[in-house]
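Visitor: Take this sequence and fold it.
(chains A and B)
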Amino acid sequence: MTTPLTLAPGRGPDGAARLAVGGEIDMSNAGRLAEALDSRPGPLVVDLTEVEYLDSAGLSVLFAHAERLELVVPPLLEPVLTVSGLAALATVHRSGVRDGPQG
Amino acid sequence: MERSGPPGDGVGAQVFASDPEVGADLARVDWAATPLGPPEEWPQSLRTAVSILLSSRFPMWMAWGEELTFFCNGAYRRDTLGRKYPWALGRPASEVWAEIWGDIGPRIEAVLGTGRATWDEGLLLFLERSGYTEETYHTFSYSPLRDDTGDVVGMLCVVSEETERVIGERRMATLRDLGSDPSVIRTEQEVLAFADRQLSRNPQDLPFTLTYLFDGDDARLAGASGVTPGTPVAPRVLPVGGSRTGDESGDEGVWPVAALAEGEARLVPLTGAPFDDLPGGGRSEPPVEALVVPLLQQGSAPYGFLVAGLNRYRALDDRYRGFVELAAGHIASGIGSARSYEAQQRRAEELAELDRAKTTFFSNVSHELRTPLTLIMGPVEELRTRLADAGDDVRTELDAIHRNGLRLGKLVNTLLDFSRIEAGRMQARYEPVELGAVTAELASVFRSAVERAGLTFDVDCPALDEPVHVDRTMWEKVILNLLSNALKFTFEGTVRVTVRRSGPHAVVTVADTGTGVPEAEMPRLFERFHRIENARSRSNEGSGIGLALVRELVGLHGGTIDAESAEGKGTVFTVRVPFGTAHLPEGSVVSEPAAARASATAGPYVHEALRWLPVGAAEGDGPGEAAAAPLGSDAGPTRSARVMVADDNADMREYLTRILTAGGYEVTAVTDGVEALDAARRRTPDLVVSDVMMPRLDGLELVTRLRGDSRTASVPVLLLSARAGQEASIEGLRAGADDYLVKPFAAAELLARVRANVELARLRGHHLRWRTALVDSLQEAFFVCDESGAVVEINTAFTDILGYGPEDLPYAPAHPWWPDAVTDPGAHAQVGEAFAGLLVNPRGSYTVPVTRRDGRRRWVAVNYNKAEDPDTGRRVTVGTFRDVTAEHYAVQRETALAALSTSLSRASSMPEALSGALDQLRSLWRADVVLAAVFDGDDTPALTATGPDLRWEDLPEARRERLDALRGRPPLTVVTEDSGAGVLLEHPQGPLTLWVDLGGNRPFTSEDRLLLSLLSGHLAQGLVRAHQIDQQREAAIALQRAILGPARLPDGFAVRYEPASRPLEVGGDWYDTVTLPDGRIGIVVGDCVGRGLEAASVMGQLRSACRALLLQDPSPGRALEALDQFAAGVAGALCTTVFCGVLDPATGELTYSSAGHPPGILVHRDGTVRLLEEGRALPLAVRPGRTRPEATCSLPARATLLLYTDGLVERRRLPLSTGIAQAGDAVQEGRDMPVEDLAGAVMARLEPDGGYDDDVALLLYRHPAPLDITFPAESSQLAPVRRALRSWLARCELPPNAVQNVLVAVGEACANAIEHGHRHAPGNDVRLRAVALVDTLRVTVADSGRWKDPQPGADTHRGRGMSLMRAMMQHVTVSPGPSGTTVDMQMRID
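Guide: So this is what the prediction gives:
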C-alpha cells in the first residue's frame, strides 16, 4: 500500500509554473515527487498546503531543486523546513497568504 | 510376639545393616505384628532414626509409634539392657521398662507432648535386668523423633549409665569420713563409736554393721550401726571355735566366728530366725546377705571382725567387697592406733621406773668403780713421770690411758652426783663468792681449747655489787658443762660468757654461735640420757647427762636455767641464781669463803674438749667405736624390711649386704644411682643405703630423684660417705637424705641407724599410705601442682582418664595433655586460659578439652583449691577433675540437634533448608567452609556452600573428587580425612555428599563423627520434609497461576498478587482481565473470605464463573447478578466482594459494578483523585436475585486506575480512607513510571512493617494503553504505521504541533529502520512501541539492522533524518546492538 500522494501540475494566476502537492510524502513515494519536479524545469512554485506529512526523503527531493523552487508551506510543515535548513535555500511562502511572488 | 525365621532381605535388612549383631536380631522381629508394620513400609524418618541408632557407639534406645515400640543399639544392650535382650526388641517400651515406667513414663509423655527434650542427671532407677532388682543411676536425655510430616511420633534416648560413679562416690565418702578426724581419737572405745557413726551414714551400702573384737575365748560386740546391740542378730558375746556351747546368749552360730578368727572372710545368707526383723537400711526390703570380714592386724591374729549387711540391690562385686574390706581395714587400723597409744602410755611409765632403777644402779656401781679407777690413775701418773723420756709409742699409749682414765673418772663422778641429788644426799656448802670473778676464772680454763678450735672467746664478767652463795664444786660443774657443750656444738664464731645482775638474781649466760637445737628438741633438752640425734657436733661422745646435771645443780642453788636456741644460729643458756641465803638450806650456808684453790674438776673437761679438736684427733678411739657403744646391743628389725644398697665398690657392697642380711634385712644390691632409681620404682624398698660418690648418678642426685617421684618420695635414704666434714653431711641432709654416716663406721652403728630409719619411716608411712590409698581410690582424678604449675602428684583415676602415669612426674606446663597448639589452636588457647586462672585464683572450676595420651579427646570438669604444703610451707594447688566427655557431648548434641531442627523448620524451601543447615554445621565446628553436592543426574552436581557463590567448577579438583567418592560410602557413615570430614546422605533429588572443611584448625574426633552422623540423619529427614513442602508449593503456585491467569495481560495493565499465608503462597484474592469479543476488556478484582488453600479453591470457581459470564454478556451488573446465584451454591463464597468493570481501551469508557468491594481509585494526570464509588451493592450471595446497579466513568488520557483488595489499604485502628489516600499518593508519585514499575512501587509503599498480614491483589491500568506495532521493514508500511500512531497520539490528548513532531521523529526512525532492514536483513520486522506516562511520552523503534554513522553525500537525507529526530524530540538515544538497533525517544508533555 502506497502512501497517498496527489501531484497537480498547473499555472498560477500569474502564469508561473506551479505544482500542487497533497497527502503525505515519505520514502515510499518521494520518487514520484522527484519525477514531477524533474519534468518541470525552470522556476516552479510547489504548493505544499495540502501536505500533511513530509519526511527527510521528501526534503531531499526538494533540496535537489531548492534554488528554483518557491515553496508554499502550511504551518504544520514549517518546523521541518526550518530544522532541515531548506527554508534558507528555497523561497518559502506561508500558505493562506495569497500575495504575489516576492522580490 | 513371634519372631520370623531368617533375617529378611530387601529394605528391612538395609535398615538394620549398620550393626550386624543387633541389626540381625532386629530383622528377626516380626514387625508385621507390631503397629509399625514391615520395615519396607516404614517412613524415611523412622528408617533414618534406626540407622542413626544402630550406627552409634553411644548407648541409645528409641521408641516409635503409637505403642512406643522399642529399639536399641549394641552399646545400650551392653551397658543397660542386660538380660532383657533380645526379648525387648519390637516390644512396647512400657512393657520393656515396666518396672520403671512410673519414673520414665511421664518424661516420655512430656517429650511427645511438647516436642522438647528432657535431661536427667544421675537419676536413681531400680531395674530388673540382671535377675534381681538393681539399684542403678543414669544420666540421660529424651529427645523427640518426628515423622516425615514433622509430627512428634517417638523419642530417642541417649544415656550414660552412672551407677558405678554414683555408688563409688557414696562409698568413697564413707571411707573418707572414716579417716576424717583421727587426731582426736584416743581410746579404742572412741575409735569404734566414731566408726559406727560414720558407717551409719551410708545405710544404702551398709544397711547394718557389727564390730566384734576377740577377747580370749570370746568375741565381744564392740560396735554396731543400723541394729540394736543385744538383739538376736547382734549378740553381745559370741564364743570362738564353738567348743563352748550353751553359753548365756545362746546365739552361738549366728556369725562364723571360727573362720574369722583364722582371718577368713565369709558371705552369710541372712535367712532364719535371727534375721527376721532386720531393718531395710532406708529401703523397703531388708538385706539378704551380709559380708563378714576380719579386722586384720599386721603379723598377728585379727583384732576381731566386721559384719556388714549388704545392699540387696547391688551385686557383691570386687568393688563392693573392696569397699567393705577397706572400711574394715580402717577400723582395724584405728583399733591398732588406739591400742598402740595405750601401749605407749604404759611403756612411758615403765621407762620412768627403769630410769630410776638405772640411776640407782649406776650410782651403786660408780662407787665401786672409783676405787679401781683411783688405783689405775695413780700408777699411770707415776709412769708418765717416770717414762717421760721413753719412746713416742709408749708416751702416746700412756697418754691415752691417762686421758680415758680422766674421762671415766668424770663420768663416774657425774653419776655419783646424780645419785646423791636423787637421794637428797648431796653435801653442799654454799659460800658467798664474787660470782663474776669465779665464773671468769672457770672460763679461763677453757680459753686455750676454745681458741684452738678457731673460735672467739668472749668473757664479760664484771664484779657484781653483792656476793652470791654458791657451792664452788657444783658451780664449777655448771659452768664447765655449759662451756664444754658450747665448744662441742660450735664450729665457727664465738663462745660468750657474761655475768650480770638482774633484780634479785645474778644472771650468767653462756652463748654460742653453734648449730643450735631443733625446736622440737627444746622441751627435752634438759632430760636425762636424752641426746639430740643427728645434730652436728664435734663428737658423738656423751651420755646425755651433762645438761640434766646442770639443771639439777642450778636447782639446788634455788636458781633456774633456760635455753634459747635457733637452729643454725646458736644457743644461749641463761642461769639465774638468787642473791641472799633465804632459798638455801640453813645448815649448808657458810659465811666465809673458803680459801681459793685450784680446781680439780676442770682438768677432765678440758682434756675431753681438746680431744674433739682436729689437732688432737689421731690415735686411739675412732668415732665409730665411741658412737657404737650406746646403740650396738639392740639392733634388728621387727619384721623383714627391704633394704636396697647402692655402692659402686664391690667390696663395700658385699660388706653392707653381709651386715644387713645378718641383721635380718632383705637386701637388694645395685651398683649405681640409675639402677637404684629403676629398682626403687619397680619395687619400693623400705630403706635405701647409698654411697654418695657413684658413677652415672651420685647419691645426692639419687635422693633428689627419689623425692621427686610420688611413689618413692617417702623412702628413707641413708647416705654413706668417706668425706668426714660436717659440710658434706649437711649437703646430704639438705638433698633430702634422712641420715648420714661417715666411713669408716661400725657394723653396729650402721644396723642401729638402719633400724631407726626403717622404724621412723614406718611410723611416718602409716598416714602416708592411708592418704595414698584414699587418693588412689578416688573415682575423680586428683592432682597437685606446685607454684610453677607443674603437676607433681597424681592418682590412679588421673592416669585412667588422661593416660599419663606417675612414672614421668613432674609434668611441667604446658602439660602434655593440652590440645595441640598447631592442630587445634582454639582448644589449646581455651586450656591455656583456664590454666592461667588456676595459677592465680585461690579456687575455681572450669571445663576444658584435653587430649588423652592415646590422642583421644576428653572433656574434664576441674575443681581446684590453693593449699599449703605442710612439709615445705609452699603454696600448692590441689585439684580434682571428672571425665565429663559424655555429658559434654550429650549437651552439644542436644544443642546442635535443636539448632538444626529450628533452622530446618524455619526454611520454606529445600535450598533454604540446605543452606541454613550448612551454616549451622559451619558454626558448630567453626569450619572454614561446608559444602554439599547433590548428584541429581546432571553433568555437574548442584553445589551448595557456606562460602559466597561457590560453583562446582570453582572447587579444586581434589575436593571435587572427594565429594564424588563419598557417594560410594554407606549413608550416614562419616569419613574423616586430614582437613575435615564427609558424609553421604539421601536427598530427594539424588545422593548428597557433604563435606565439613576444618582447614586443619582442629582434629575431627570420634565424637564429632557421631554428631555429624546424627545431624546428617536429621538433615536428610528435614530435606525430605522441605522437599514435600516445595512440591506442594510448586503445585499450589501452578494452580494459583492457572486460576489467577491471564498468562498475558492486555497492554497498559499491571498486576500484583501477595498472599498472606506462606509457604504455599495461595489465597482468596484475585484479579482477572478478559478480552471481550467486541475488543473491550473485562476487569475483575475480588476477595473471598478466608485465606490459604480453601479460600483459593472458592476463588478459582468464582473467577472462572465471572469470566465466563462476562464473555457471555459484557455487562458488569448482570455478570454480578448471575455470580450471586452461582456463589450461593458454592460453600465459602458468601460475602465475597467483587469489583467488575468493562473498559473500552479505545475511548477509556469504563462501565462497572461493585459487590461490596472497596472503591476503585482513579488518579488524573493533574494529580486529582476520584473514587469509583457508584454502582455499589452488597457482597456476593448475600441477597441473590436483586438487580445490581452499574455506573460509567470515562478515563481521561494519562489517568491511572487502581483496583485492589482491602489487604492493600486496610490498617488496624486507621480508617479505610487513610489507606485509600495513601494509595492515591503512591500512584501520583509514580507518574513517571510505566505501570509495571508503578505496581511494585505501590505495593512497596503501602507495605506495613513486617509485611502484609492479609492477601493483597492489585490491578493498575493507565489510559491509553501503550501502542505496540510490529511491521515488516518495507517503506509501504510507513503510512499505515503513521496512521495508527496518529490515532494513538490523539487518545493521549497531545497538542497538535506535538503530534506532528512525534510523527516526524518516529517517521524518520522507522524510515531508518526500514533502510537498514533492507540492507542487512531483508524482510525482518521493525517494532514500534509508544508509551504515554503522565508527563512523558516515550517511543522506541527497534530493528534488526546496524546503523551507519550519518555520512554526507549519498546519505545526506539520512543525516537530515537524525537531525530532525533530535530537533523534534527532547531526548534521543540510538543503541546499536548485535541483534539490531534501538532508537529511544522521549518527549515531555503537559
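
Visitor: Centroid-nearest residue for chain A?
Guide: The C-alpha lying nearest the average C-alpha coordinate of chain A belongs to A:V46 (C-alpha atoms, centre = their mean; 4.0 Å).

Visitor: ok, that residue touching A:A17?
Guide: No - when contacts are counted by C-beta atoms under 8 Å, A:V46 is not listed as touching A:A17 (9.7 Å). Quick note: C-beta positions are derived from backbone N, CA and C, even for glycine.

Visitor: pretty sure B:E381 contacts B:I401?
Guide: No - in this structure B:E381 lies outside contact range of B:I401 using C-beta under 8 Å: 10.4 Å.

Visitor: roughly how far apart are the residue of chain A found nearest chain B and A:I25?
Guide: Residue of chain A nearest chain B, by C-beta to the nearest C-beta: A:S60 (3.4 Å). Plainly put, A:S60 is 10 Å away from A:I25 if you go by C-beta to C-beta, to the nearest Å.

Visitor: between those two, who's got more neighbours?
Guide: Taking neighbours as other C-beta atoms under 10 Å in any protein chain shown, A:S60 and A:I25 compare with A:I25 leading, 25 against 21.

Visitor: a strand runs through B:V575, doesn't it?
Guide: Yes - read with DSSP: H, G, I helix; E, B strand; the rest coil, B:V575 is one of the residues of a strand.

Visitor: what's the neighbour count on it?
Guide: Under the neighbour criterion other C-beta under 10 Å, B:V575 is assigned a count of 25.

Visitor: give me the beta-bridge partners of it?
Guide: On the basis of DSSP bridges, B:V575 is bridged to B:V508, B:I561.

Visitor: Just to check, it is in contact with B:T509?
Guide: Yes - with the criterion set as C-beta under 8 Å, B:V575 and B:T509 qualify as a contacting pair; they are 7.5 Å apart.

Visitor: re the thing from before, dihedrals phi and psi, the residue of chain A closest to chain B?
Guide: phi -60, psi -40 (degrees, to the nearest 10).

Visitor: I'd say it and B:R1360 touch.
Guide: Yes - with contact taken as C-beta under 8 Å, A:S60 and B:R1360 are classed as touching, separated by 6.9 Å.

Visitor: For B:L706, give me its contacts.
Guide: B:L677, B:A680, B:V688, B:T712, B:A713, B:V715, B:V717, B:G736 (C-beta atoms under 8 Å, 6 or more residues apart in numbering or on different chains).

Visitor: Filter the residues you listed down to the ones in helices?
Guide: When DSSP state H is applied, the contacts of B:L706 are split such that B:L677, B:A680 fall in helices.

Visitor: Any figure for the gap between the residue lying closest to B:P813 once chain neighbours are set aside and chain A?
Guide: Nearest in space to B:P813, with sequence neighbours left out and distances taken as C-beta to C-beta, 6 or more residues apart in numbering or on different chains, is B:G789 at 4.3 Å. Here the distance between B:G789 and chain A works out to 95 Å (C-beta to the nearest C-beta, to the nearest Å).

Visitor: And the helices in the stretch 1-150 of chain B?
Guide: Secondary structure of the stretch 1-150 of chain B (DSSP state H, counting those that start in this stretch): helices at B:11-15, B:20-28, B:44-55, B:74-76, B:93-96, B:101-114.

Visitor: Just the C-alpha atoms of the longest one, please, in CSV.
Guide: Output for helix B:101-114, consisting of C-alpha atoms alone and laid out as CSV, is shown next (Å, rounded to 0.1, in the frame of the first residue of the first chain):
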residue,chain,number,x,y,z
TRP,B,101,7.6,-46.9,83.8
GLY,B,102,6.3,-44.8,86.7
ASP,B,103,9.6,-42.8,86.6
ILE,B,104,10.2,-42.6,82.8
GLY,B,105,6.7,-42.7,81.5
PRO,B,106,5.8,-39.1,82.4
ARG,B,107,9.1,-37.9,80.9
ILE,B,108,8.4,-39.6,77.7
GLU,B,109,4.9,-38.2,77.7
ALA,B,110,6.3,-34.7,78.1
VAL,B,111,8.7,-35.2,75.2
LEU,B,112,5.9,-36.4,73.0
GLY,B,113,3.5,-33.7,74.1
THR,B,114,5.8,-30.7,74.0
